[in-house]
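Asks: fold the following.
(one chain, ligands or ions: 2)
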Amino acid sequence: MEKTFLMVKPDGVQRNLIGEIVNRFEKKGYQLVGAKLMQIPTELAEEHYGEHKERPFFGELVEFITSGPVFAMVWEGENVITTARLMMGATNPKESAPGTIRGDFAVTVGKNIIHGSDSLESAEREIGLFFKQEELVAYAKDANNWIN
Ligand code: GTP
Ligand code: MG
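Replies: Ligands and ions are numbered 1, 2, ... in the order given. Reported below is the predicted structural model:
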């Protein structure tokens with residue numbers, strides 16, 4: 001089954017949004033298969049955001065993501081990578097629709113609450129960066145028969 005890496009950023013943790021965000025993906029019908037509250041070391045932040053290394057806001061981005069604990073998660077489900085991005089809303093909260101996580105809770109692009117993998121390749125890469133294989137749990141839920 002398809003998996004994606006989602007992370008409540010430091011602003012989301014500080015604003016008590018972990019529960020709200022987990023709730024949305026649970027209610028949607030996706031399954032949580034790994035999670036941890038952690039402080040990201042600078043080296044991991046730089047690797048995670050490697051694709052943005054040349055951007056003018058790279059330093060700010062790394063500083064922000066390491067500024068407090070994040071809640072890192074792996075979610076599983078049909079088409080979860082693309083659908084989770086839709087549920088998150090546009091990167092810039094000025095453009096994200098109401099009803100999406102960023103549309104409902106964020107105001108500015110530098111503090112946009114949540115990260116989500118943008119492709120199968122990034123999902124695999126990011127899951128590998130943040131989780132060991134044994135930290136992911138495979139399990140069946142009866143409710144899945146009513147979802148898929
Ligand atoms: P992520 O799920 O966090 O990767 O967001 P995204 O895929 O929707 O956006 P992208 O990967 O292009 O950018 C990564 C993150 O950089 C965004 O989520 C923003 O928090 C941040 N970011 C993007 N543009 C800017 C900017 O102009 N200024 C600042 N400070 N941050 C930015
Ligand atoms: Mg991205």
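Asks: so where do the strands sit in the protein?
Replies: Using DSSP state E, the strands assigned to the chain run over residues 3-8, 31-38, 70-76, 114-116.
Asks: in JSON lines: those, plus mean neighbour count.
Replies: For the C-beta atoms, the positions are set from N, CA and C on the backbone; glycine is no exception. JSON lines is the format used below for those (neighbours: other Cβ atoms under 10 Å):
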{"stretch": "strand 3-8", "mean neighbour count": "26"}
{"stretch": "strand 31-38", "mean neighbour count": "16"}
{"stretch": "strand 70-76", "mean neighbour count": "23"}
{"stretch": "strand 114-116", "mean neighbour count": "23"}
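Asks: how about these, which one is nearest Glu51?
Replies: With Cβ to Cβ, the closest approach to Glu51 among the strands of the chain belongs to strand 114-116: 12.5 Å.
Asks: follow-up on the earlier one: can you redo the strands of the chain as CSV with mean pLDDT?
Replies: CSV is the format used below for the strands of the chain (pLDDT from 0 to 100):
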stretch, mean pLDDT
strand 3-8, 98
strand 31-38, 98
strand 70-76, 98
strand 114-116, 98
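Asks: among those, which is nearest Glu60?
Replies: Distance to Glu60, taken as Cβ to Cβ, is lowest for strand 114-116 among those, at 15.0 Å.
Asks: list the helices and strands that closest one packs on?
Replies: Contact partners of strand 114-116 among helices and strands, from 3 or more Cβ pairs under 8 Å, 6 or more residues apart in numbering; DSSP states H and E: strand 3-8, helix 80-88.
Asks: okay, the ones you listed in CSV with distance to Ala123 next?
Replies: CSV is the format used below for the helices and strands packed on strand 114-116 (distance: least, Cβ to Cβ, whole Å):
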stretch, distance to Ala123
strand 3-8, 5
helix 80-88, 5
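Asks: ligand 1: which of these is closest?
Replies: Nearest to ligand 1 among the helices and strands packed on strand 114-116 is helix 80-88 (6.9 Å), distances taken as Cβ to the nearest ligand atom.
Asks: how far off strand 3-8 does the closest one point, in degrees?
Replies: With axes from the mean of the first three to the mean of the last three Cα atoms, to 10 degrees defining the directions, helix 80-88 sits at 30 degrees from strand 3-8.
Asks: for helix 80-88, packing partners?
Replies: Short answer (3+ Cβ pairs under 8 Å, 6+ apart): helix 80-88 packs on strand 3-8, helix 18-28, helix 101-105, strand 114-116.
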